[in-house]
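J.: One predicted model, sequence on top.
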Amino acid sequence: MKRVRVIPRLDVKGPNVVKGIHLEGLRIVGKPAELARKYYDQGADELLYIDIVASLYERNNLSDVVEKTASSGVFIPITVGGGIRTLEDINKLLRSGADKVAINTAATRNPQFITKAAEMFGSQCIVGSIEAKFKEGRWEAYIDNGRECTGLDAVEWAKRLVELGAGELLVTSVDRDGTKRGYDYDLIKEIVSKVPVPVVACGGAGSIDDIKGCLIKTKCDGIAFGSILHYGETTLDVVKAELKSAGIAIREPAPLANAKIDAKLAGERTKKVISVVDYHVGNLKSVINAFERLGNTVRLVSTPQDVLESELLVLPGDGAFGYAMKQLEKRSLIGAIKEYAKTGRPLLGICLGMQLLMNRSEEFGAHDGLGIIEGTVTAFKPANEVDEPGYHVPHMGWNELMQPQGASWGDTILSDTLNGSLVYFIHSYRVTPKAKQDALVNTLYGGQEFCSVVKRDNVYGTQFHPEKSGEIGASLIKHFCNL
């Protein structure tokens with residue numbers, strides 16, 4: 001079942017969250033980290049940060065904001081946009097705690113930037129941002145926070161962004177932004193019908209009915225809004241309750257309020273030394289925060305000796321398989337990680353880190369992996385091969401953990417996890433272990449059942465991001481630390 005994602009949008013100028021009309025006439029509405037934590041506690045599925053003056057000053061200044069948010073107890077995905085012009089900009093934001101980057105201006109001026117970014121960081125990480133205005137019978141794409149017209153047809157540009165490698169589209173109606181007149185349903189519906197990737201709608205929400213209407217009429221994958229939250233007109237838990245009552249599939253809030261999770265975990269601190277492999281591919285800050293939340297000490301390791309001396313080793317990953325293996329090879333870490341796995345000490349691969357444990361991947365060509373667990377990494381079927389409404393690749397959002405027949409979760413990192421628990425996925429490729437017993441957990445997407453947790457002896461891999469999966473993810477991390 002596809003669950004739509006409910007996403008607060010926070011437009012940032014300097015140290016403040018602001019809101020305007022048609023992306024202009026700005027008014028301060030709060031501080032980024034404070035609002036982020038507030039919306040996280042209310043049940044946000046993701047967060048969207050946009051630096052609205054970044055393009056004007058040719059820089060993105062949100063790495064500090066993202067790092068502070070990731071450190072404030074917010075354990076859901078974060079997308080960052082505005083002023084992203086270089087691969088190093090992307091790397092810096094991911095290492096600060098972001099999970100995806102939204103690119104607009106740089107893509108229109110250098111379309112191949114999208115391709116290069118996807119090949120390095122993975123398509124699932126690259127969001128094509130489109131700011132559209134209706135003009136002379138068509139929607140035109142704008143840049144610089146809606147200030148400058150590109151002359152590009154917004155719908156055709158959406159298709160081109162996907163061809164270049166964007167794994168998601170963020171579509172903002174500049175005409176509707178901040179007006180509370182409702183989303184531009186025609187714009188969103190037209191783009192959703194033309195692309196095979198997830199689409200997030202933005203711009204114009206004035207009521208919960210507007211949100212429901214957009215989700216029902218356009219079949220978009222996510223809905224972003226700000227004004228009605230920032231001005232206290234409603235809350236996310238109320239929005240989600242209304243969506244559920246309308247028959248729209250959503251992720252319901254966890255049984256424990258997020259505000260209580262930290263207190264619950266405080267009595268379960270593991271106090272271990274966790275080694276996280278730093279090979280410049282991964283959302284390091286988020287991973288570090290997730291382990292430190294439990295009272296652990298985290299050290300970054302990037303040499304073979306440090307890897308081999310580790311007590312518990314984590315291989316994170318946000319990126320493309322081939323690029324990641326090159327980074328490991330560059331640092332002479334391949335042999336060390338394989339040798340560590342033979343020692344019997346715990347090893348956890350997260351998302352791309354899980355895929356790297358396999359023998360081979362077909363992402364952007366054929367690449368050899370670590371071969372610690374026999375298996376392959378292959379692409380999900382494209383949308384035109386799956387007869388399922390709303391099916392898009394990448395697989396992006398909250399989905400269920402399913403216990404395979406004959407598998408036991410006792411004495412594993414899932415010992416406290418219930419069958420059917422929801423966790424956060426963001427990936428275009430899937431793992432197939434050669435031995436069925438290595439698949440500890442499965443998940444279903446687009447009629448395709450794939451392995452979402454792999455286990456062989458002391459080695460685990462999670463296709464989802466436990467550090468972005470609320471209390472379920474925190475429970476898995478806790479049990480890994482106690483292995």
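T.: Right, received. Where do you want to start?

J.: could you measure the residue nearest to I334 when sequence neighbours are not counted against A44, distance?
T.: Nearest non-adjacent residue to I334, counting by CB to CB, 6 or more residues apart in numbering: L328, 5.1 Å away. Where C-beta positions appear, they are placed from N, C-alpha and C, glycine not excepted. L328 sits 34 Å away from A44, taking CB to CB, to the nearest Å as the criterion.

J.: Give the residue from the two that has the larger number of neighbours.
T.: Neighbour count, other CB atoms under 10 Å: between L328 and A44, A44 has more, with 27 against 20.

J.: show me the contacts for the more buried one.
T.: Counting by CB atoms under 8 Å, 6 or more residues apart in numbering, A44 touches V6, I7, P8, I76, L236.

J.: Show the subsequent helix or strand relative to the host helix or strand of G353.
T.: Secondary structure assignment for G353, by DSSP states H and E: helix 352-356. The helix or strand immediately downstream of helix 352-356 is strand 360-361, counting by DSSP H and E.

J.: same for the next helix or strand after that next one, what does it pack against?
T.: Downstream of strand 360-361, the first helix or strand assigned by DSSP H and E is strand 367-368. In terms of contacts (3 or more CB pairs under 8 Å, 6 or more residues apart in numbering; DSSP states H and E), strand 367-368 is packed against helix 321-330, strand 360-361.

J.: which of the residues in stretch 384-393 are buried?
T.: Across stretch 384-393, burial judged by 16 or more other CB atoms under 10 Å covers V386, Y391, H392, V393.

J.: Over to stretch 198-208?
T.: For stretch 198-208, using 16+ other CB under 10 Å, the buried residues are P198, V199, V200, A201, C202, G203, G204, A205, G206, I208.

J.: roughly how far is it from the heart of the chain?
T.: A distance of 19 Å separates the C-alpha centroid of stretch 198-208 from that of its chain, computed with CA atoms, centre = their mean, to the nearest Å.

J.: tell me the average confidence for that stretch?
T.: Stretch 198-208 shows a mean pLDDT of 96.

J.: Export it to PDB, keeping only CA atoms.
T.: Extracted in PDB, the C-alpha atoms of stretch 198-208 (Å, rounded to 0.1, in the frame of the first residue of the first chain):
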ATOM      1  CA  PRO A 198       7.300  10.400  -7.100                       C
ATOM      2  CA  VAL A 199       5.900  14.000  -7.200                       C
ATOM      3  CA  VAL A 200       5.400  16.300  -4.200                       C
ATOM      4  CA  ALA A 201       2.900  19.100  -4.600                       C
ATOM      5  CA  CYS A 202       3.500  22.500  -3.100                       C
ATOM      6  CA  GLY A 203       1.900  26.000  -3.000                       C
ATOM      7  CA  GLY A 204      -1.600  27.100  -2.100                       C
ATOM      8  CA  ALA A 205      -2.900  25.100   0.900                       C
ATOM      9  CA  GLY A 206      -5.500  27.100   2.800                       C
ATOM     10  CA  SER A 207      -7.400  24.300   4.400                       C
ATOM     11  CA  ILE A 208      -7.300  20.600   5.000                       C
END
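
J.: now the farthest one out in this protein, which residue is it?
T.: E136 (36.1 Å; CA atoms, centre = their mean).

J.: Surely Y340 is within a helix?
T.: Yes: counting by DSSP: H, G, I helix; E, B strand; the rest coil, Y340 is part of a helix.

J.: what comes into contact with the helix holding G353?
T.: Outside helix 352-356, the residues that reach it (CB under 8 Å, 6+ apart) are 122, 277, 281-282, 314-321, 324-325, 328, 349, 361, 369-370, 377, 427, 429, 431, 454, 461-463.

J.: give me that answer again for 7 Å
T.: Applying CB atoms under 7 Å, 6 or more residues apart in numbering, the contact partners of helix 352-356 are 122, 281, 315-319, 321, 324-325, 349, 361, 369-370, 377, 429, 431, 454, 461-463.

J.: One more: stretch 180-198?
T.: With contact meaning CB under 7 Å, 6+ apart, stretch 180-198 is reached by 132, 139, 155, 158-159, 162, 166-169, 171, 173, 175-176, 199, 201, 203-206, 210, 213-214, 217-222, 227, 382-383, 392-394, 396.

J.: For that stretch, which residues meet the burial criterion?
T.: So for stretch 180-198, counting by 16+ other CB under 10 Å, buried means 180, 182-185, 187-192, 195, 197-198.

J.: State the distance from V192 to L169.
T.: Between V192 and L169 the computed distance is 9 Å (CB to CB).

J.: which secondary structure elements does the helix or strand harbouring V276 contact?
T.: Assigned by DSSP H and E, V276 belongs to strand 273-277. Contact partners of strand 273-277 among helices and strands, from 3 or more CB pairs under 7 Å, 6 or more residues apart in numbering; DSSP states H and E: helix 284-292, strand 297-301, strand 312-315.

J.: Let me know which of those is tucked in deepest.
T.: Highest mean neighbour count of the helices and strands packed on strand 273-277: strand 312-315, a mean of 26 (counted as mean count of other CB atoms under 10 Å).

J.: Mean confidence (pLDDT) on that one, please.
T.: 98.

J.: sorry, back to before: now do the helix holding G353: distance to the chain's middle.
T.: Distance, centroid of helix 352-356 to centroid of chain: 16 Å (CA atoms, centre = their mean).

J.: In the stretch 351-483 of the chain, what residue spans correspond to helices?
T.: Assigned by DSSP state H, counting those that start in this stretch, the helices in the stretch 351-483 of the chain fall at 352-356, 470-481.

J.: Contact partners for the spatially closest residue to T443 that is not a sequence neighbour?
T.: Leaving aside its sequence neighbours, T443 sits nearest to S452 (CB to CB, 6+ apart; 4.0 Å). For S452, the contact set (CB under 7 Å, 6+ apart) comprises L401, V441, N442, T443, Q463, F464.

J.: Please apply the same query to G226.
T.: Here G226 is in contact with P8, R9, L10, D11, K19 (CB under 7 Å, 6+ apart).

J.: From those, which land in strands?
T.: P8, R9, L10, D11, K19 (DSSP state E).

J.: now the contacts of S452 as TSV including distance to Q355, neighbour count and pLDDT?
T.: Shown next, in TSV, are these (distance: CB to CB, whole Å; neighbours: other CB atoms under 10 Å; pLDDT from 0 to 100):
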residue	distance to Q355	neighbour count	pLDDT
L401	18	24	97
V441	15	27	98
N442	16	17	98
T443	14	20	98
Q463	8	27	98
F464	12	27	97
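
J.: Report the two of the residues you listed separated the most.
T.: N442 and F464 (12.1 Å; CB to CB).

J.: do you know how far F321 is from F291?
T.: Taken as CB to CB, the span from F321 to F291 is 24 Å.

J.: Low-confidence ranges, the stretch 1-150 of the chain, go.
T.: 20-25, 55-60 (pLDDT under 70).

J.: hmm, 80 instead?
T.: For the stretch 1-150 of the chain, applying pLDDT under 80 flags the ranges 1, 19-26, 53-61, 144-147.

J.: The stretch 201-350 of the chain too?
T.: Short version for the stretch 201-350 of the chain, where the test is pLDDT under 80: 253-270, 282-283.

J.: how about a cut-off of 90?
T.: Filtered on pLDDT under 90, the stretch 201-350 of the chain yields the residue ranges 252-271, 280-286, 293-294, 317-319.

J.: Check which helices and strands the helix or strand hosting E119 is in contact with.
T.: Element membership of E119, judged by DSSP H and E, is helix 112-121. Packing partners of helix 112-121 (3+ CB pairs under 7 Å, 6+ apart): helix 87-96, helix 105-109, strand 126-135, helix 154-164.
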